[in-house]
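[1] give me a model of this one.
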Amino acid sequence: MKRKRILKKLNKIKQEHLIHLTPRKNKKGKYYSGTFQVQNHLELMYLITNLIKVCILALEENECLNDKQIPQPKYNVNEVLRHTLQLIPFEEHQFIDQVVDLLDNLNGDNDG
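    Below is the predicted model:
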């Protein structure tokens, strides 16, 4: 009975916190699909454009850039960094902490 209760609790916190990677399967086996949030297709297009512009900036190494190529370089870098923050799996860390607490409690029960 205790095992079922623990499994139920683990599955609940897994569902609440493991949101960035979704397990998938194909012919080659198991893999994970990652996600991040955008408001719409236009924002996704701008994100991809900003990623390309930041790469161009990095490759140019302070060479003279035409303002028409990249009119707002600071904005482009800022947007890329903002989206990159979404890729940090904070929720997954919370899941790990809660699982460790559950295991500590279980191990404590076994000690006594």
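
[2] who's in contact with the helix or strand that contains Ala58?
    With elements taken from DSSP states H and E, the one containing Ala58 is helix 41-60. For helix 41-60, contacts defined as CB atoms under 8 Å, 6 or more residues apart in numbering pick out 38, 65, 69-70, 73, 75-77, 79-80, 83. Every residue, glycine included, has its C-beta placed from N, CA and C.

[3] let's see it at 6 Å
    38, 70, 73, 76-77, 79-80, 83 (CB atoms under 6 Å, 6 or more residues apart in numbering).

[4] mind listing the strands for the protein?
    With DSSP state E as the criterion, the chain has strands at 21-26, 29-34.

[5] so which of those comes closest to Pro89?
    Closest to Pro89 of the strands of the chain is strand 21-26 (CB to CB; 7.6 Å).

[6] name the strands paired with that closest one and say parallel or antiparallel.
    The pairing partners recorded for strand 21-26 under DSSP bridges are strand 29-34 (antiparallel).

[7] can I get the partner strand in CSV? Just the C-alpha atoms.
    What follows is strand 29-34, C-alpha atoms only, in CSV (Å, rounded to 0.1, in the frame of the first residue of the first chain):
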residue,chain,number,x,y,z
GLY,A,29,14.6,4.3,-30.2
LYS,A,30,13.7,6.8,-27.4
TYR,A,31,14.5,10.5,-27.6
TYR,A,32,13.2,13.7,-26.0
SER,A,33,11.5,16.6,-27.6
GLY,A,34,12.2,20.0,-26.0
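
[8] what about that strand, distance to the chain center?
    Its chain's C-alpha centre and that of strand 29-34 lie 14 Å apart, by CA atoms, centre = their mean, to the nearest Å.
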